[in-house]
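Undergrad: Give me a 3D structure for the following:
(chains A and B)
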Amino acid sequence: MAWLGAWLLVAALGAGWLGHARLGEMQAAFETDARIVHRLLSQQMVQNDAVMATLVLLQPNPDGSAAAARRLPSVYPQILAVLARPGDALWPSPLAALLAQAQARSRSLGRSVLAQTDLAAGRYWMVQAGEPVSYALLLDLQATVPWFEWPMDAKASPVRVLLEHDGQSLVLQAGSIPERGWRYGFRKTLASPSQPFEVRAERVVAWSELPWLAMLGWMLGSAVALMSVRTLWHQREARLRAEQLLRLGQVARLNTLGELAAGMAHELNQPLTALLASTQAAQRLLGDAPPDLDTARTAMGQSVQQARRAADVVGRLRRLVERPDLAGHAQAVALPAAVQEALHLLAPELARRGVVSEVDVASELPLVLAEPVALQQIIHNLLTNALQALEQVPAQRRVVRLGLRPATGGQVLLSVRDRGPGLSADARAHLFEPFYSSRPGGLGLGLPLSESLAEAMGGHLRLAPELAEGAEFLLFLPAAPPMP
Amino acid sequence: MTDTAPSLSPLIHLVDDDAAVREGLALLIATVGLRVQTWGDPHAFLASFDRAHIGAIVLDVRMPGISGLSLLEQLLEEGVDQPVILLTGHGTVDMCRRAFKAGAAEFLEKPVDDERLIESLQSAVRQHVRTRERYQVDHQAAIRYGQLSPREREVLGLIVEGLTNKDIGRALELSPRTVESHRASLFAKLEAQSLAQLIRRYAALVEQDTGGPGS
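TA: Presented below is the predicted three-dimensional model:
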């Protein structure tokens, strides 16, 4: 449940961020385009102003200017017509009044002005008063637009671009405006006092334009990532649990051992105390002059009894400790799987020390008869010992080799060999004795425990003859009878 | 093992639930002429052992029903003055500390070596004898001191402080002759042979009585 919640959160945050980023990108692109449109159109208007100003300036030779004026529409496609009127002569009807008014305004402002606009048709008249001749131009807005420099694909772009003036408007680019979505707008008057058209651009980002694929990809990706994290987590948990169980098992055995030792101490101390006291009493009685033989004899009789009592205690203890009924719980176990499990449990330890494990399994290896937990403990102990030995050698020698093969007498052999520093003669002699450890701080119980576990399962654990380097332990286990 | 004066030879009480241990240790202790009384049951021991006798007590720490340590505590609470030796199978440092704190005279580990045990017992018995003697002396001195008249006690107090007869007479407004007669009387009552003996035995009592010197 927590994992699902975490995924939902991560997926939602990621997808939201992706959508937001895409919207931001589209808004920025839209605004850039709109500014370019504004600049391009402003430049065109300035060009119109320049044409008009040139016409007015070329006054002195009416013939020449007239000729230039006639040529203008062929040079500038946006100029549809040029009218020139000298002095106070009348403009041709039906626009005479409008043009005359504009001429008066132009004269007072000292620049060209709009005379009449018909944005629906995309046309407008512009007038500039001159001396003696004034000019009027009929301009075509569609032709004014420099499509070759246009920042957008005029047919496909979703942006709508309009020119507006005096409540009239001309759609330069239709775009596509869905009903719902994220709306961005741009509105700015052209930078030309004579042709103050307003550019309006509009962009609505539809839901369908969101980066659905990327968002979906993110959600799937995060789901996959979280699932693998979860799997790794569970694996780690499982491993920790298994390790804990194994350790608990060992601690439990050690505790039992500790209790046995305490009990043994008391059980043995009593007869030993009596034994020592009566022998020493006998010694003293025999040393007396004259020796008290009768009492000494009684004391010696007691000593014998107490020595027997101590021997009984030891015997009881051996029966108790050395034959735990593991053979009764034995079952057919696949040794390679047990080895893999132990290696898996110790994988972090191996990795931490840079130890490489090599497992060599003979073909057609029979199953073994073993109590699975005890078997795990033995393998775990042997591997742990090897790891500790390998700590003392350089990295390239840190290899532990496990060999699994059938052995004589219906047994299966697991050999665990390390390339560590090997064992001293002293260690070889005492390795399997309880509380002997070559390691400072070592309990010295791992190998004795493993040995007694192996023997309780009808197998045995042995140290291989001395090697040139490292040490090798051999665990023999009885093979399971073949399945019927 | 001579029984000529059984009531006077020291008596060792041995308390251990293990019969073999009791028998062995009893045999050993008897070889040096100490009398031993063995007890298998700590409660029976507590109920009926002879508290007046000179001797020592040997307790096993680990016994069913009651531990040697708590038995020791009960004995001390009761005011038993026999020294107690504790025996334990596996003595930890902690247990050893507790034993001495509780007032044990000795703490020995099983199996115990004969010399160790016998030395400890003998020194415990010697210690007990000394304790009893000191008690005896103190007890008798207190009885004698109780027989003095108030005036004699005053005179004794000043003698202990080191004053001469003349000074005492001046201090108590008595004639030297009267002081001399009190002095002779109290020497007789206290059975003191010399001034030194008198001061050694009774200085503490005088101090107790008057609540400190010089007051």
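Undergrad: Please list the residues of chain B that sit near chain A.
TA: Proximity of chain B to chain A (Cβ under 8 Å from any Cβ of the partner chain) is limited to residues B:18, B:20-21, B:23-25, B:27-28, B:30-32, B:62, B:87, B:89-90, B:110-114, B:117. Yep, even glycine has a C-beta here, placed from its N, CA and C like the rest.
Undergrad: Recalculate using a threshold of 10 Å.
TA: Residues of chain B found near chain A (Cβ under 10 Å from any Cβ of the partner chain) are B:1, B:16-32, B:60, B:62, B:87-90, B:109-115, B:117-118.
Undergrad: what sits against residue 109?
TA: Went with chain A since none was named. Listed by Cβ atoms under 10 Å, 6 or more residues apart in numbering or on different chains, the contact partners of A:Leu109 are A:128-129, A:193-194.
Undergrad: actually chain B
TA: Contacts of B:Glu109 by Cβ under 10 Å, 6+ apart are A:269, A:273, B:61, B:86-91, B:96, B:116.
Undergrad: Take those and lay them out in TSV including secondary structure, distance to A:Gln142 and pLDDT.
TA: Output for the contacts of B:Glu109, formatted as TSV (DSSP: H, G, I helix; E, B strand; the rest coil; distance: Cβ to Cβ, whole Å; pLDDT from 0 to 100):
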residue	secondary structure	distance to A:Gln142	pLDDT
A:Asn269	helix	118	85
A:Thr273	helix	124	92
B:Val61	coil	117	86
B:Leu86	strand	120	91
B:Leu87	strand	122	89
B:Thr88	strand	116	84
B:Gly89	coil	116	77
B:His90	coil	112	69
B:Gly91	coil	114	70
B:Cys96	helix	113	83
B:Arg116	helix	126	91
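Undergrad: What segments of chain B are helices?
TA: B:19-30, B:42-48, B:68-78, B:93-102, B:114-146, B:150-161, B:165-172, B:176-189, B:195-210 (DSSP state H).
Undergrad: Relative to A:Trp212, which of those is closest?
TA: Between A:Trp212 and those, the tightest spacing by Cβ to Cβ is seen for helix B:93-102, at 74.2 Å.
Undergrad: low-confidence ranges in chain B?
TA: Residues of chain B meeting the criterion pLDDT under 70: B:1-8, B:90, B:211-215.
Undergrad: ok, the residue nearest the centre of chain B - contacts?
TA: With distances taken as Cα atoms, centre = their mean, B:Thr131 lies nearest the centre of chain B, 2.2 Å away. Applying Cβ under 10 Å, 6+ apart, we find B:Thr131 in contact with B:54, B:81-83.
Undergrad: Can you check the distance spanned by stretch A:404-418, start to finish?
TA: Across stretch A:404-418, the terminal residues are separated by 15 Å (Cα to Cα, to the nearest Å).
Undergrad: just the contacts of B:Glu109 now: which is nearest A:Leu423?
TA: Distances from A:Leu423 to the contacts of B:Glu109, taken by Cβ to Cβ, are shortest for B:His90, at 33.1 Å.
Undergrad: one step back: most neighbours among the contacts of B:Thr131, which one is it?
TA: B:Gln82 (26 neighbours; other Cβ atoms under 10 Å in any protein chain shown).
Undergrad: Quick check: it vs B:Arg132, distance?
TA: For B:Gln82, the distance to B:Arg132 (Cβ to Cβ, to the nearest Å) stands at 10 Å.
Undergrad: tally of neighbours for whichever residue of the stretch 1-150 of chain A sits closest to chain B?
TA: Here the residue of the stretch 1-150 of chain A nearest chain B is A:Ala2; by Cβ to the nearest Cβ that distance is 48.0 Å. Close neighbours of A:Ala2, defined as other Cβ under 10 Å, add up to 7.
Undergrad: How much space separates it from A:Leu9?
TA: Distance from A:Ala2 to A:Leu9, by Cβ to Cβ: 11 Å.
Undergrad: now B:Ala26
TA: In terms of Cβ to Cβ, B:Ala26 sits 82 Å off from A:Leu9.
Undergrad: quick one, which of the two is more surrounded?
TA: Neighbour count, other Cβ under 10 Å: between B:Ala26 and A:Leu9, B:Ala26 has more, with 21 against 11.
Undergrad: is it fair to say A:Pro77 lies in a helix?
TA: No - going by DSSP: H, G, I helix; E, B strand; the rest coil, the assignment for A:Pro77 is coil, not a helix.
Undergrad: what's the nearest residue to it if we skip its chain neighbours?
TA: A:Ala143 (4.6 Å; Cβ to Cβ, 6 or more residues apart in numbering or on different chains).
Undergrad: Tell me who's in contact with that neighbour.
TA: A:Ala143 makes contact with A:44, A:76-80, A:122-123, according to Cβ under 10 Å, 6+ apart.
Undergrad: any idea which of the residues you listed is the one closest to A:Pro406?
TA: For those, the nearest to A:Pro406 is A:Gln44 (95.8 Å; Cβ to Cβ).
Undergrad: just for chain A, where's the confidence low?
TA: Using pLDDT under 70, chain A drops low at A:60-68, A:247-260, A:262-263, A:320-328, A:440-444, A:483-484.
Undergrad: near chain B, which residues of it?
TA: Residues of chain A lying near chain B (Cβ under 10 Å from any Cβ): A:261-262, A:265-285, A:287-288, A:292, A:295-296, A:298-299, A:302-303, A:305-306, A:309.
Undergrad: Next, please give the residue ranges for the helices of the stretch 151-300 of chain A.
TA: Using DSSP state H, counting those that start in this stretch, the helices of the stretch 151-300 of chain A run over residues A:212-287, A:293-322.
Undergrad: Pull the contacting residues for the spatially most central residue of chain A.
TA: Nearest to the mean C-alpha position of chain A, by Cα atoms, centre = their mean, lies A:Ala225 at 6.2 Å. The contact partners of A:Ala225, by Cβ under 10 Å, 6+ apart, come to A:7, A:10.
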